[in-house]
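Visitor: The following comprises the amino acid sequence and a computationally predicted model.
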Amino acid sequence: MLYTLSIQNINFYLQQKMKFLFFIVVTLGFTFCTYSQKDTQPIMMSAKEKNNHWNLIWEDSFTTKDLDTSKWSIIERNNADWGNYMSSNKELIRIKREKLHLGGIVNNKREGDTVPYLTGGIMSKGKFAFKYGKIEIRAKLEQAQGAWPALWMLADQPQYGSYPRNGEIDLMEHLNYDSIIYQTVHSYYTLNLGNETNPLSSSTSRVDSAKFNTYAMEWFSDKLIFSLNGKQTFTYPKLEDGDPSQWPFDQPFYILMDMQLGGKWVGKVEPKDLPVKMIVDWVRVYKRID
């Protein structure tokens, strides 16, 4: 009888012990899962949450089949060094898998157009412009001798006369097979008066252009802050007592994105390297939340 009672007591003790251990395991598992969810939550943050000091006011993620003409116009051929081969050829401006492809090709059909090459580009002139804020463009760049892809901005309704008096903001320019990109500010002050170092008006950054990178600029009333993949590259400040032409950046600017070929800066084009493309994932513009 005593032996039987002992066995029963032992069984009862083991059952209670197992229940207690099960409770501990479940509690710890729940706590761990809750902590893990909280710990990894920032990875799932939206673009707006990541830019919690900025309010998204305009964007294009190229989710439509064709170019959204309410936001963009095709850049036409012009006399600028970068615009010699601009074309409206649909082969050069295409949306594939929710990404914009801007191309540069050899012109094999010269009956109606005698230029040796054709390039594609778009702009938001007359459709969207902004003054002060933040712009981000995520893009991937193919390489070729003579290739000159650019992401940049110009004054929408120029207030100070002809170029370059209204300034130019270059978020990204890439040349040939370089492992660097240029981010630059141009104006009458830098180009005509030769003040490119007071303050410094350009910077280069090393980049793997074959991958998608985010080129950005934060624009305030007294400075321009450039960045690459979220890391600040350089700042262009407004001089307090400088020449008025140093700061034409007090008016709305529009966006240009184009694949350029040839020119004095980039050099001659190598036809065998073509076709070449710049692929744009998205464009976003924000306003500061005060």
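Guide: Here it is on my side, so go on.

Visitor: for the residue nearest to L239 when sequence neighbours are not counted, what are its contacts?
Guide: Counting by CB to CB, 6 or more residues apart in numbering, L239 lies nearest to Q246, which is 5.4 Å off, once chain neighbours are set aside. Placement of C-beta: from N, CA and C, glycine included. Q246 makes contacts with 187, 189, 195, 238-239, as judged by CB atoms under 8 Å, 6 or more residues apart in numbering.

Visitor: from those residues, which two are the most distant?
Guide: N195 and K238 (13.1 Å; CB to CB).

Visitor: Looking at these two, which has the bigger crowd around it?
Guide: N195 (18 against 15; other CB atoms under 10 Å).

Visitor: The more buried one and Y189 touch, don't they?
Guide: Yes - shown here, N195 and Y189 form a contact pair, counting by CB atoms under 8 Å, at 5.2 Å.

Visitor: Phi and psi next, for D250.
Guide: Note on D250: backbone dihedrals following degrees, to the nearest 10 are phi -130, psi 30.

Visitor: how much space between it and G83?
Guide: To G83, D250 is 26 Å away according to CB to CB, to the nearest Å.

Visitor: Check V106 too.
Guide: Counting by CB to CB, the gap from V106 to G83 is 18 Å.

Visitor: Please identify the buried residues of stretch 157-173?
Guide: Under the neighbour-count criterion of 16 or more other CB atoms under 10 Å, stretch 157-173 has 160, 163-173 buried.

Visitor: just curious, which of these is nearest to R97?
Guide: M172 (22.1 Å).

Visitor: in the sheet, who's paired with the closest one?
Guide: Taking DSSP bridges as the rule, M172 bridges to L151.

Visitor: cool, and L228?
Guide: In beta-bridge terms (that is, DSSP bridges), L228 pairs with Y215, K231.

Visitor: Next up, the contacts around the residue nearest in space to the middle of the chain.
Guide: Closest to where the C-alpha atoms of the chain average out (CA atoms, centre = their mean) is I137, at 1.7 Å. Neighbour list for I137: 151, 171-172, 214-216, 257, 280, 282-284 [criterion: CB under 8 Å, 6+ apart].

Visitor: Buried only: go through those residues for me.
Guide: Judged by 16+ other CB under 10 Å, buried ones among those: 151, 171-172, 214-216, 257, 280, 282-284.

Visitor: for those, which one is nearest I57?
Guide: Using CB to CB, R284 comes nearest to I57 of those, at 9.0 Å.

Visitor: Now for that closest one: which residues touch it?
Guide: 47, 56, 58-59, 135-137.

Visitor: so who does V283 touch?
Guide: Residues near V283 by CB under 8 Å, 6+ apart: 59-60, 135-137, 255, 257.

Visitor: Is T190 within a helix or a strand, and which one?
Guide: Assigning secondary structure by DSSP states H and E places T190 in helix 188-191.

Visitor: related to what we said a few turns ago, any chance of the buried residues of stretch 157-173 in CSV, with distance to V276 and secondary structure too?
Guide: Converted to CSV, those look like this (distance: CB to CB, whole Å; DSSP: H, G, I helix; E, B strand; the rest coil):
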residue, distance to V276, secondary structure
Y160, 35, coil
Y163, 27, coil
P164, 28, coil
R165, 33, coil
N166, 30, coil
G167, 29, coil
E168, 23, strand
I169, 24, strand
D170, 19, strand
L171, 19, strand
M172, 16, strand
E173, 15, strand
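
Visitor: and the closest residue to W54 other than its chain neighbours, how far is that from E218?
Guide: Nearest in space to W54, with sequence neighbours left out and distances taken as CB to CB, 6+ apart, is Y286 at 3.6 Å. Y286 sits 9 Å away from E218, taking CB to CB as the criterion.

Visitor: what is in contact with the two at once?
Guide: By the contact definition CB under 8 Å, 6+ apart, Y286 and E218 are jointly contacted by 133-134.

Visitor: before we move on, back to that, the residue nearest to the centre of the chain is in what secondary structure piece?
Guide: Assigned by DSSP H and E, I137 belongs to strand 133-141.

Visitor: before we move on, back to that, just checking, what packs against the helix or strand just after the helix holding T190?
Guide: With elements assigned by DSSP H and E, the helix or strand that comes after helix 188-191 is strand 202-206. With contacts taken as 3 or more CB pairs under 8 Å, 6 or more residues apart in numbering; DSSP states H and E, strand 202-206 sits against strand 180-186, strand 231-237.
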